[in-house]
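Below are the sequence and a predicted model; questions follow.
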Amino acid sequence: MPPPATVIADPPTSLKPYEVDLLGRVQEFGWQTTSVGADDDNGDPAFSYTTGFWLTIDQPEVIVFDFPPQLSHDVFGQIMRRARAGDRFPLGQAIEGILSNEPVYLFTVGQVAGAQYLRSSDWFYRRGQFPAVQLVWADGSGRFPWEAHFDASLVKLQPDLSPKGWLNELGAASKSG
């Protein structure tokens with residue numbers, strides 16, 4: 001499969017300083033973390049995402065909501081290391097070892113949501129389609145957003161970016177696994 005089309009070959013004179021930095025990090029490290037602060041006016045939570053995973057390790061870009069930027073970067077780094085070691089991560093199933101001792105889930109991000117939230121990745125891949133997954137975390141009691149008694153105060157901190165909804169994605173994963 002040919003590598004995805006990216007802006008790496010674009011002349012540096014046509015790039016903004018942020019874009020030059022992003023390309024430099026992807027070329028040097030294989031990926032970059034972009035963190036976006038919360039938009040209190042609209043009630044949108046903070047989030048972080050990767051750019052470069054698809055190009056470097058043939059894995060989807062990853063987005064996570066409401067993690068501090070450094071924690072997001074550390075979690076993404078763990079995913080990168082494991083993927084380089086040959087690990088593949090199932091969708092809609094509990095995954096251990098990415099977030100210390102806490103399980104997480106990965107769900108496909110819809111294309112519209114991917115372009116809306118992962119803007120640097122959208123630019124990097126020339127506004128073409130690129131795969132992305134959302135990392136979903138549990139509350140302090142170990143419950144996930146689709147489970148009964150999930151901490152209601154955390155619901156708005158993880159918008160569901162999957163095309164069919166997490167519950168439907170879970171059902172699809174159990175049928176295929």
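That came through, no problem. Note that this is a predicted model, so its numbers are computed, not measured.

Wait, a helix at Q27?
Yes - counting by DSSP: H, G, I helix; E, B strand; the rest coil, Q27 falls inside a helix.

For the residue lying closest to it once chain neighbours are set aside, give me its contacts.
Nearest non-adjacent residue to Q27, counting by CB to CB, 6 or more residues apart in numbering: I8, 7.0 Å away. In short, each C-beta sits where N, CA and C put it, glycine included. Shown in contact with I8 (CB atoms under 8 Å, 6 or more residues apart in numbering): L23, V26, Q27.

Can you check what pLDDT the model gives I8?
On pLDDT, I8 comes in at 82.

Show me the contact partners of the longest strand along the chain.
With secondary structure taken from DSSP state E, the chain has its longest strand at strand 102-108. Strand 102-108 is contacted by residues 60, 62, 89-96, 98, 131-138, 142, 144, 160-163, 166, 169 when judged by CB under 8 Å, 6+ apart.

where does the protein have low pLDDT?
The model of the chain has pLDDT under 70 over residues 1-3, 171-177.

Recalculate using a threshold of 90.
Low-confidence segments of the chain, defined by pLDDT under 90: 1-16, 40, 42-43, 100-101, 126-129, 168-177.

what ranges do the strands span in it?
According to DSSP E, the strands that the chain contains are 32-36, 47-51, 61-65, 95-99, 102-108, 132-136.

What residues of the longest one count as buried?
Spelled out, that is strand 102-108. Neighbour-count burial for strand 102-108 flags P103, V104, Y105, L106, F107, T108 (criterion: 16 or more other CB atoms under 10 Å).

related to what we said a few turns ago, export the strands of the chain to CSV and tack on distance to R84?
Shown next, in CSV, are the strands of the chain (distance: least, CB to CB, whole Å):
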stretch, distance to R84
strand 32-36, 16
strand 47-51, 14
strand 61-65, 14
strand 95-99, 14
strand 102-108, 17
strand 132-136, 17
